[in-house]
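Novice: What shape does this take:
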Amino acid sequence: MTTQWRVAGTYFEACTCKGACPCLFGGDPTEGSCDALFAWHIAQGHMDELALDGLNLAMALHVPGNMTAGDWRVVVYVDADASQPQHDALMQIFGGSVGGHPATLAGFVGEILGVESLPMRYLIEGRHHRLDVGDVASASLTAIEGQNGGEVTLSGHPVAVAPGNSGTLACSEHVSHQGHGLDWQFGGRTAFYSAFQYEAA
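Specialist: Take a look at the predicted model:
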């Protein structure tokens, strides 16, 4: 019997690249390698009859070169509010074992350094997004102001975490992570947020 699942909501990524991140276009990171924090807030979601609404998942990652070359080293953080069945469902979905676009992303991962369940808070206040993951990771980012005070958006980029959605370009105030050998703190770098929808193929 095929597992039926769908998750939708908002995600962001904040990384060490300067300017408009070339990774989104299949180019090399501006710093040679890329450290990043990715986060997903699930507004609506389910796996079969199991509801996943309101839960969060985040990943800290190190990419040694071009994103499309793979060999990503990843730490996965699952919302501590998730029950064990919900935790398992999120790991199946975002780990790629039940197909859909997450399976494509999982194909770039070379090593999972750890999986932890921690309290998470994902706040969206207009064009400002903030994430706190226990006491090990945090990020704060705000959309770049475009023409006439509007957003600066990007669509159709070939390396997309949320294909089919226009992304909003942002700048990080701060991004930090500590643990599993991925220790960094930076700000004033590239960030990006978007709606996302993943579902069983």
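Novice: Averaged pLDDT, the longest helix belonging to the chain. What do you get?
Specialist: The longest helix of the chain (DSSP state H) is helix 84-94. Over the span of helix 84-94, the pLDDT mean works out to 98.
Novice: which residues of the chain score low on pLDDT?
Specialist: Within the chain, the segments meeting pLDDT under 70 span 1, 19-27, 31.
Novice: Contact partners for the residue most central in space within the chain?
Specialist: Closest residue to the average C-alpha location of the chain: residue 38 at 2.6 Å, with CA atoms, centre = their mean. With contact taken as CB atoms under 8 Å, 6 or more residues apart in numbering, residue 38 is in contact with 11-13, 58-59, 61, 161. Every C-beta, even on glycine, is put in place using the N, C-alpha and C of the backbone.
Novice: So which of the residues you listed is the closest to residue 182?
Specialist: Nearest to residue 182, judged by CB to CB, of the contacts of residue 38 is residue 61 at 7.6 Å.
Novice: Now do the helix or strand encompassing that closest one: which elements does it pack against?
Specialist: Using DSSP states H and E, the element containing residue 61 is strand 56-63. Counting contacts by 3 or more CB pairs under 8 Å, 6 or more residues apart in numbering; DSSP states H and E, strand 56-63 is packed against strand 34-47, strand 72-79, helix 84-94, strand 120-125, strand 128-133.
Novice: what's the angle between it and strand 128-133?
Specialist: If you take axes from the mean of the first three to the mean of the last three CA atoms, to 10 degrees, strand 56-63 sits at 90 degrees to strand 128-133.
Novice: picking that back up, quick one: closest of the helices and strands packed on strand 56-63 to residue 143.
Specialist: So among these, strand 128-133 is nearest, using CB to CB, at 7.7 Å.
Novice: Parallel or antiparallel, which strands does the helix or strand just after that closest one pair with?
Specialist: Per DSSP H and E, the first helix or strand lying C-terminal to strand 128-133 is strand 137-143. Paired neighbours of strand 137-143 in the sheet (DSSP bridges): strand 128-133 (antiparallel), strand 167-177 (antiparallel).
Novice: Not counting its own residues, what contacts strand 137-143?
Specialist: The contact list for strand 137-143 (CB under 8 Å, 6+ apart) reads 12, 14, 37, 39, 58, 60, 77, 127-132, 151-152, 168-178, 191, 193.
Novice: The residue lying closest to residue 106 once chain neighbours are set aside: neighbour count?
Specialist: Leaving aside its sequence neighbours, residue 106 sits nearest to residue 96 (CB to CB, 6 or more residues apart in numbering; 3.0 Å). When neighbours are defined as other CB atoms under 10 Å, residue 96 has 17 of them.
Novice: Helix, strand, or coil at residue 96?
Specialist: Following DSSP: H, G, I helix; E, B strand; the rest coil, residue 96 is assigned to coil.
Novice: residues near residue 48, how many?
Specialist: For residue 48, the count of nearby residues is 10 (other CB under 10 Å).
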